[in-house]
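Engineer: need a 3D model of the following:
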Amino acid sequence: MNRRQGSEEKDIQRIREYLANPEVQERILASMQDVWDKAAVTTRVAATIFDLGEQRLRDWENRGFLQGRRTANVASQKGITGRSHRQFTFNELTKLAILKELVDVGDFNFGSIPHNVEEIWNEVTATQEKQPAPANIPADAFAPINQRIDTARTKLLWRFFATQALRFALLLLAEDMPGEAVGLVFPLGKEFRKIVIQKVDDLPLLGESLVGWLTRSRSMHALLTPRPSFEVPLDFRLLPLVAMRNDEPTEELPEENMYVIIPRRSKKLTLSAETIQTIRALLRPLCSHAEEIRNCFGPNMYDVLDPAPDITQSEIYPDLILNGLADIIVELGGKVGEENRWRFCCILLPKDSSLPLYQRSLTVQAQSRFSPHKIGFASVSPGVDDNSLSLRAYQSGQISYRDEVPPDSSAVAFRDIEHPINSAIAVPVGSESGIPTAVLYVTSQYEAQFSSPLDRRLLRLISRMVDELIKIYEVRRSEAQNLINLMRFPDVADAFLGKFPSEGDFVRDLDAILTAYKASREEHSIGLIGIDVDHVGKLALKYGDLAVRNLCEAIGQRIQGELASTFRKYPDCKLYHMYADRFYLIIQKISYDEVIQKARLLKKSLDETYRLSIFSPTDGQPPVADTLQKLEITVRLAISYYENKKTFDELFELYLNDTAVYNVREMIEKSLDTELKKGMAEGGDNIRAYIPDTRIYQKISNE
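Structural biologist: The predicted model follows:
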């Protein structure tokens, strides 16, 4: 390659890079739009369109960059032929738009521009629409996919925290206003936060603001606006975010103002000093991170990253939001001189949630900067670290803190690596009515840094955010698992009890049997047995829903075993799990006496003691030791039996229309359901059967 060729390639590369710029493309496309609306034009018109001199355009043509076509023009009716004119086609005008951009704006000289420059243009815009780009496309719209994803990840933390902080602030404001909408206006500019306004009409004076709005249904909206306003200002009242009683401030306005918006007809607002103090402290990070907030909100649609990490694997895939929240907790602590008042924060999660609460170890799965621990490895365990603040908080469900931490204190499990530490706190993460999902552990190198109620209120609010996030992660991960089973078995929503044929299978099979008889009218017999567990509601209250679910699975398995033994002479016998604790059996070509005998044997088999896990399904992995519970149960059975042509004919004679099969099946189901309920009303532990001779249901002996 000679020097000239190398120079030409560099020029082409420069042109390629320049034309790939979205702003350059937008200008060229805008010029092209003007051209596309016009037909072929003369030199004069082309020069006018592009604001060029005619001589300059001819010069470009002489250099070979443009190719005009010459056309003759008849000047008059006298037969005198006038001068010919040069005209430029659509393609030539498109090329002219590119040339003008390169020469006038891009500062390229003709020696560096190839004659096929339009091919470069076509190449760099090949993957984009050949229409003028809308003026509101953001500058990074054409960024590579991986860059777009990285950008979205940087917005995760502040989009989450800002939204949650506003939501909790609004919920605190609306505590005494059920069913009323509440808004909060937060000016982002420091100079605007000093402005004092008195009415809703003056909201635009606050400039760029973050607005939180809690609807009457308690849905929350967060939006960034360059100038807040309402279509009908008279519909709302504006109040400063200060302590007040009946809309009247009970304290002076702070240096930095935020404003509460409520409907005009709402009752007068009363806010305690503690509430206002907590809200202002919670929103303080938004003041110091205004630029991050600007990048996360606005009228344009932003790329969405929907996080669903496995936080038990956070040593491999650290979670941006949880680690970011740990950093924000440290920031919320404020400063002592130039140092952070709170040194570091850890978020600990149970290592194995299937264990009983008091046997669970806690492992650090997220933390702030400068934490000395290793995510996924540092842990505290019962029997080893019983005095640990984190374990105490987790097991008690109460905040545990120390204003002083002596050098030999066992309340800090890792004192040797956490030094310097002179006060610490552990906050259980979760709602007030449930088992904690995690623990926040925060330390300070100063004494008595968690004795203020405000500090504990802030940590409790952040703990609610952490709890919600962890539960969202768990739900998203669980919903994404076993999708292949959804594709293979679309009718099975519960894989645990879905191993048994369902109510839908029962309906289809019984309809098929009745339809076959209705068509053939041949002699046939069919027995149906319904099974219910006695007092299942009391069992659920005593042992929990999981235990009853496991019990139903065990009963189904035992009935399946009876089909292979007690009912082996009847290969067409089939079991169905209808719902909850109810099962049905269909047995074809069986005598009445045999149905009664088999039902007695079945009841005897089911009236047993079951050893079940009360914590998790027994399917798959074996239950954890010491989690099995003995459940002693009895069942009740109901039997329907139809054995001859006369019986079936009488049933179908009741329904002579096209819905006969449907109505007969509904009648059979209803009779089983009714007799099972009667059996429960009689105390349970019984068998009720349809007696063909009397044609009524009666209680029969279990022997």
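Engineer: only C-alpha atoms from now on, for both contacts and neighbour counts.
Structural biologist: Noted.
Engineer: could you look up the SS state of the nearest residue to residue 387 once chain neighbours are set aside?
Structural biologist: Excluding the flanking residues, the one nearest residue 387 by Cα to Cα, 6 or more residues apart in numbering is residue 411, at 5.1 Å. Here residue 411 takes the coil state, with states given by DSSP: H, G, I helix; E, B strand; the rest coil.
Engineer: in contact with residue 411, which residues?
Structural biologist: 387-389, 405 (Cα atoms under 8 Å, 6 or more residues apart in numbering).
Engineer: and those residues, which are buried?
Structural biologist: 387-389, 405 (16 or more other Cα atoms under 10 Å).
Engineer: tabulate these (CSV), appending pLDDT.
Structural biologist: Listed next are the buried ones among the contacts of residue 411 as CSV, based on pLDDT from 0 to 100:
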residue, pLDDT
387, 89
388, 92
389, 93
405, 89
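Engineer: just these: which are in helices?
Structural biologist: Among these, the residues falling in helices (DSSP state H) are residue 389.
Engineer: closest to residue 56 among the buried ones among the contacts of residue 411?
Structural biologist: Distance to residue 56 across these (Cα to Cα) is lowest for residue 389, with 82.3 Å.
Engineer: look up the closest residue to that closest one, ignoring the ones flanking it.
Structural biologist: Closest to residue 389 by Cα to Cα, 6+ apart is residue 411, at 5.3 Å.
Engineer: ditto for residue 501
Structural biologist: residue 576 is the one closest to residue 501 (Cα to Cα, 6+ apart), at 4.8 Å.
Engineer: quick one: residues in contact with whichever strand or helix holds the one you found.
Structural biologist: Using DSSP states H and E, residue 576 sits in strand 574-579. By Cα under 8 Å, 6+ apart, the list of residues contacting strand 574-579 from outside reads 497, 500-503, 505-506, 556, 559-560, 563, 583-587.
Engineer: do you know the pLDDT at the residue nearest to residue 501?
Structural biologist: Looking at residue 576, its pLDDT reads 95.
Engineer: now do the one 5 residues further on
Structural biologist: In this model, residue 581 is scored at 92, pLDDT.
Engineer: that one and residue 354, how far apart?
Structural biologist: Residue 581 is 24 Å from residue 354, where distance means Cα to Cα, to the nearest Å.
Engineer: right, and the helix or strand after the strand holding residue 576?
Structural biologist: strand 582-588.
Engineer: number of residues surrounding residue 25?
Structural biologist: By other Cα atoms under 10 Å, 20 other residues sit near residue 25.
Engineer: does it sit in a helix or strand, and which one?
Structural biologist: Going by DSSP H and E, residue 25 is in helix 22-36.
Engineer: after that helix, next one along is what?
Structural biologist: strand 41-42.
Engineer: strand partners (parallel or antiparallel) of that following strand?
Structural biologist: strand 85-88 (antiparallel) (DSSP bridges).
Engineer: give the helix, strand or coil label for residue 649.
Structural biologist: helix.
Engineer: can you check the pLDDT for it?
Structural biologist: For residue 649, pLDDT reads 78.
Engineer: make 49 the first number, not 1, from now on.
Structural biologist: New numbering, starting at 49: the last item is residue 697.
Engineer: what separates it from residue 577, distance-wise?
Structural biologist: For residue 697, the distance to residue 577 - Cα to Cα - is 22 Å.
Engineer: between these two, which has more neighbouring residues?
Structural biologist: Ranked by neighbour count (other Cα under 10 Å), residue 697 and residue 577 place residue 577 first, with 24 against 13.
Engineer: quick one: residue 399 from residue 682, how far?
Structural biologist: In terms of Cα to Cα, residue 399 sits 38 Å off from residue 682.
Engineer: oh, I was asking about residue 432
Structural biologist: Counting by Cα to Cα, the gap from residue 432 to residue 682 is 44 Å.
Engineer: kindly report the same for residue 522.
Structural biologist: In terms of Cα to Cα, residue 522 sits 37 Å off from residue 682.
Engineer: and for residue 333?
Structural biologist: Taken as Cα to Cα, the span from residue 333 to residue 682 is 61 Å.
Engineer: ok, residue 406 next?
Structural biologist: 33 Å.
Engineer: so those two - more neighbours on which side?
Structural biologist: When neighbours are counted by other Cα under 10 Å, residue 406 and residue 682 differ, and residue 682 comes out ahead with 18 against 14.
Engineer: from what I see, that one and residue 655 are in contact.
Structural biologist: Yes - Residue 682 is within contact range of residue 655, at 4.7 Å (criterion: Cα atoms under 8 Å).
Engineer: any idea of the mean pLDDT in stretch 208-222?
Structural biologist: On average, stretch 208-222 scores 93.
Engineer: list the buried ones in the strand holding residue 624?
Structural biologist: For strand 622-627, by 16+ other Cα under 10 Å, it's 622-626.
Engineer: strands paired with it, and their directions?
Structural biologist: As assigned by DSSP bridges, strand 622-627 forms pairs with strand 630-636 (antiparallel).
Engineer: list of residues touching the partner strand?
Structural biologist: 572-581, 604, 618, 620-626.
Engineer: quick one, phi psi at residue 170?
Structural biologist: phi -60, psi -40 (degrees, to the nearest 10).
Engineer: give me the number of residues near it?
Structural biologist: 12.
Engineer: does residue 60 belong to a helix, a strand or coil?
Structural biologist: With three-state DSSP as the criterion, residue 60 reads helix.
Engineer: distance check, it against residue 640.
Structural biologist: 94 Å.
Engineer: residue 204: which element?
Structural biologist: helix 193-221.
Engineer: how about residue 502?
Structural biologist: helix 501-528.
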